[in-house]
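K.L.:
sequence? don't have it. structure:
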């Protein structure tokens with residue numbers, strides 16, 4: 001049975017700032033006298049969106065900023081209404097959207113638990129029953145009778161998340177709230193979400209830019225793009241399509257031309273950084289399992305005693321994958337003033353197809369310090385004629401297809 005039905009939903013917003021009283025009066029006068037008033041253009045945040053969700057499904061909604069994800073969730077949570085089309089929801093909803101928005105700074109944590117719970121549709125009896133559990137999960141027992149205005153932003157969000165996930169609801173709507181608090185509390189949030197999904201069988205909708213979390217938690221994923229559902233299907237297939245879409249955007253925008261981080265003490269400068277294929281020529285695309293070369297030209301302005309050079313690779317969302325450090329014999333030297341060329345050869349380059357970025361840094365040991373560091377300096381694409389991003393063998397970053405398997409009776 002469908003617990004959510006979205007039928008041809010369109011949501012339009014009028015672009016531009018709100019008009020002042022004077023302009024509103026002038027426009028009204030113009031209309032009364034038969035003159036035309038120029039209307040501000042309309043923007044479609046959602047454009048004829050239709051889908052249904054069955055009881056117990058865990059659906060992820062992904063897409064780039066401005067794709068319409070949060071607008072869609074607000075329709076489902078009845079925070080906003082569509083311009084056209086219909087939204088039908090069968091069951092009690094617990095919306096985790098703009099968590100903590102109902103907190104009153106002057107009230108204590110205890111008072112805000114009751115207020116926020118009431119806003120989310122909980123009765124006083126329900127809150128009484130769950131109060132100790134809410135406070136314990138939020139790790140706020142010591143501060144629960146302190147005014148919220150004295151809480152840090154992390155403390156407020158932790159308490160709000162604990163309240164929102166305590167609601168006995170059939171449908172849970174989550175919008176970018178799994179990354180609240182410190183790393184230990186984020187782990188607790190993720191475990192609670194898994195409990196709600198796997199052991200309590202809730203119907204859940206999740207919006208997140210953490211695609212790996214979406215792949216792990218969801219049974220189905222919708223890909224939104226400019227207010228339109230572009231894909232609807234298995235998490236692996238849809239998430240891989242989103243990765244490929246992101247890769248194309250990164251390459252087309254030439255992100256390595258201006259969105260990098262580079263810091264230097266002035267003792268050394270990075271003049272050039274590039275990748276080379278098996279023929280030694282600069283390339284933007286590296287072939288999976290080919291021999292490749294990473295090259296850099298640096299200008300040394302002050303002799304570098306016992307230098308250490310590092311070349312690293314990270315994903316476009318800054319997951320560090322690997323780092324190589326120059327050999328010991330280089331550390332036993334002093335790099336003189338002048339321009340130097342560095343190259344690092346890698347045989348059978350094993351990164352799976354995708355877009356990656358390069359980090360580069362220079363350290364010295366006497367005294368030990370970092371004299372140059374940069375990340376996101378250069379983007380390159382790994383390609384393959386044999387492997388496809390949507391294949392299960394391409395999950396992750398490195399293949400294990402040369403492993404040996406054995407199966408025998410115990």
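P.N.:
Received, thanks. Being a predicted model, the structure only gives us computed values, none of them experimental.

K.L.:
now residue 165, nearest residue through space, not along the chain?
P.N.:
residue 192 (5.6 Å; C-beta to C-beta, 6 or more residues apart in numbering). Heads up, the C-betas are built off the backbone N, CA and C, glycines and all.

K.L.:
could you check how far that neighbour is from residue 158?
P.N.:
12 Å (C-beta to C-beta, to the nearest Å).

K.L.:
who has more neighbours, the two?
P.N.:
More neighbours surround residue 158 than the other of residue 192 and residue 158, with 24 against 16 (other C-beta atoms under 10 Å).

K.L.:
surely the more buried one forms part of a helix?
P.N.:
Yes - per DSSP: H, G, I helix; E, B strand; the rest coil, residue 158 lies within a helix segment.

K.L.:
surely it and residue 135 touch.
P.N.:
No - between residue 158 and residue 135 there is no contact under C-beta atoms under 8 Å: 10.5 Å.

K.L.:
quick check: domain ranges of the chain?
P.N.:
Listed domain ranges for the chain are 2-250, 260-394 (source: automatic domain parsing).

K.L.:
avg pLDDT for the helix or strand where residue 44 lies?
P.N.:
If you go by DSSP states H and E, residue 44 is part of strand 42-54. In this model, strand 42-54 carries a mean pLDDT of 90.

K.L.:
show me what that strand pairs with in its sheet, parallel or antiparallel.
P.N.:
Strand 42-54 pairs in its sheet with strand 2-14 (antiparallel), by DSSP bridges.

K.L.:
tell me which residues are up against the partner strand.
P.N.:
When contacts are defined by C-beta atoms under 8 Å, 6 or more residues apart in numbering, strand 2-14 is touched by residues 39-55, 68, 71-72, 75-76, 80, 82-91, 170-171, 203, 205, 227.

K.L.:
and for stretch 264-278?
P.N.:
Residues outside stretch 264-278 that contact it (C-beta under 8 Å, 6+ apart): 262, 282-284, 286-287, 290-302, 304, 339, 343, 358, 360, 362, 364, 369-374, 377-378, 380.

K.L.:
filter the residues you listed down to the buried ones.
P.N.:
Buried members of the contacts of stretch 264-278, scored by 16 or more other C-beta atoms under 10 Å, are 283, 286-287, 291-296, 298, 300, 304, 358, 360, 362, 364, 371-374, 377-378, 380.

K.L.:
now residue 31, what's its secondary structure?
P.N.:
helix.

K.L.:
against residue 242, how distant is it?
P.N.:
Taken as C-beta to C-beta, the span from residue 31 to residue 242 is 46 Å.

K.L.:
if you count what's nearby, which of those two comes out ahead?
P.N.:
Between residue 31 and residue 242, counted using other C-beta under 10 Å, the more crowded position is residue 242 (21 against 11).

K.L.:
who are the neighbours in contact with the more buried one?
P.N.:
Taking C-beta under 8 Å, 6+ apart as the criterion, residue 242 is in contact with 62, 63, 211, 223.

K.L.:
may I ask which of these has the most neighbours?
P.N.:
Neighbour count (other C-beta under 10 Å) singles out residue 62 as the most crowded of those, with 27 neighbours.

K.L.:
so that one sits against residue 218, correct?
P.N.:
No - contact between residue 62 and residue 218 fails when scored by C-beta under 8 Å: they sit 9.3 Å apart.

K.L.:
now do residue 62, the pLDDT please.
P.N.:
93.

K.L.:
beta partners of it?
P.N.:
Beta-bridge pairing of residue 62 under DSSP bridges involves residue 223.

K.L.:
same thing with residue 175?
P.N.:
residue 207.

K.L.:
thought it was touching residue 71?
P.N.:
No - applying C-beta under 8 Å, one finds residue 175 not in contact with residue 71, separated by 10.6 Å.

K.L.:
what does stretch 149-168 contact?
P.N.:
With C-beta under 8 Å, 6+ apart, stretch 149-168 has contacts from 92, 94-96, 99-100, 103, 105-106, 109, 112-113, 116-117, 120-122, 126, 130, 133-135, 137-140, 143, 148, 172, 177, 180-182, 185, 189, 192-193, 196.

K.L.:
now that stretch: mean pLDDT?
P.N.:
For stretch 149-168, the per-residue pLDDT averages 84.

K.L.:
just the terminal-to-terminal distance for that stretch.
P.N.:
28 Å (C-alpha to C-alpha, to the nearest Å).

K.L.:
pLDDT at the residue minimising distance to the centre of the chain, what is it?
P.N.:
Centroid-nearest residue in the chain: residue 209, 2.7 Å away (criterion: C-alpha atoms, centre = their mean). On pLDDT, residue 209 comes in at 81.

K.L.:
can you give me the end-to-end span of stretch 297-314?
P.N.:
For stretch 297-314, the first and last residues are 20 Å from each other (C-alpha to C-alpha).

K.L.:
turn the domains of the chain into a markdown table, including distance to residue 404.
P.N.:
Converted to a markdown table, these look like this (distance: least, C-beta to C-beta, whole Å):
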| stretch | distance to residue 404 |
| --- | --- |
| domain 2-250 | 26 |
| domain 260-394 | 16 |
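
K.L.:
could you tell me the least trusted of the ones you listed?
P.N.:
Out of the domains of the chain, domain 2-250 stands lowest, with a mean of 83 (criterion: mean pLDDT).

K.L.:
which residue ranges of the stretch 201-350 of the chain form strands?
P.N.:
Under the criterion DSSP state E, counting those that start in this stretch, strands of the stretch 201-350 of the chain are mapped to 203-207, 220-225, 228-233, 261-264, 268-276, 282-283, 285-287, 292-300, 304-305, 307-315, 320-325, 334-335, 338-346.

K.L.:
thanks a lot, see you next time.
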